[in-house]
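Novice: how would this look folded up:
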Amino acid sequence: QVQLVESGGGLVQPGGSLRLSCAASGFTFGFTFHDYSMSWYRQASGKERELVAPISTVSAGTTAANSVKGRFTISRDNAKNMVYLQMNSLKPEDTAVYFCSAVGAGRRYWGQGTPVTVSS
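Specialist: Numbering: from 1, shown residues only. Below is the predicted model:
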């Protein structure tokens, strides 16, 4: 059972930065972290979960949400089984719970989420 644990969320002022981390473990049946596409999603209160940024197995990353382009960057470290989301120039509308997700071996897995609050 793949497990994903997010960290790095918190309270930050507008214009500030945060770096979210996602630690992945529990890979079985010959699959490794390298075999999974990873992504970050977020869900604001009262809104649907939205894709923020995906990254492929070969670290081809993009920011899917137009609202974060140029400000957020996704990356992964296959040697450490880690995925990161660097968030710069944060805005109040970035306030949400951020989730890490893994897709591979025919399944999708979710972490428990880490809350990010952007407020002065």
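
Novice: Give me the three-state assignment for the residue nearest the centre of the chain.
Specialist: Centroid-nearest residue in the chain: residue 40, 2.8 Å away (criterion: Cα atoms, centre = their mean). Under DSSP: H, G, I helix; E, B strand; the rest coil, residue 40 falls in the strand class.

Novice: do the same with residue 20
Specialist: strand.

Novice: isn't it right up against residue 10?
Specialist: No: using Cβ atoms under 8 Å, residue 20 is not in contact with residue 10; the gap is 9.8 Å. Backbone N, C-alpha and C define where each C-beta goes, glycine included.

Novice: residues shared between the contacts of these two?
Specialist: Shared contacts of residue 20 and residue 10, defined by Cβ atoms under 8 Å, 6 or more residues apart in numbering, are found at residue 116.

Novice: the more surrounded of these two?
Specialist: Using other Cβ atoms under 10 Å, the more surrounded residue of residue 20 and residue 10 is residue 20, with 24 against 11.

Novice: Could you report the neighbour count for residue 25?
Specialist: What residue 25 shows, counting by other Cβ under 10 Å, is a neighbour count of 11.

Novice: wait, what's in contact with it?
Specialist: Per Cβ under 8 Å, 6+ apart, neighbours of residue 25: 2-3, 5, 81.

Novice: what's around the residue lying closest to residue 29 once chain neighbours are set aside, how many residues?
Specialist: Once flanking residues are discounted, residue 29 sits nearest to residue 105: 7.0 Å by Cβ to Cβ, 6 or more residues apart in numbering. Residue 105 has 14 neighbours, counted by other Cβ under 10 Å.
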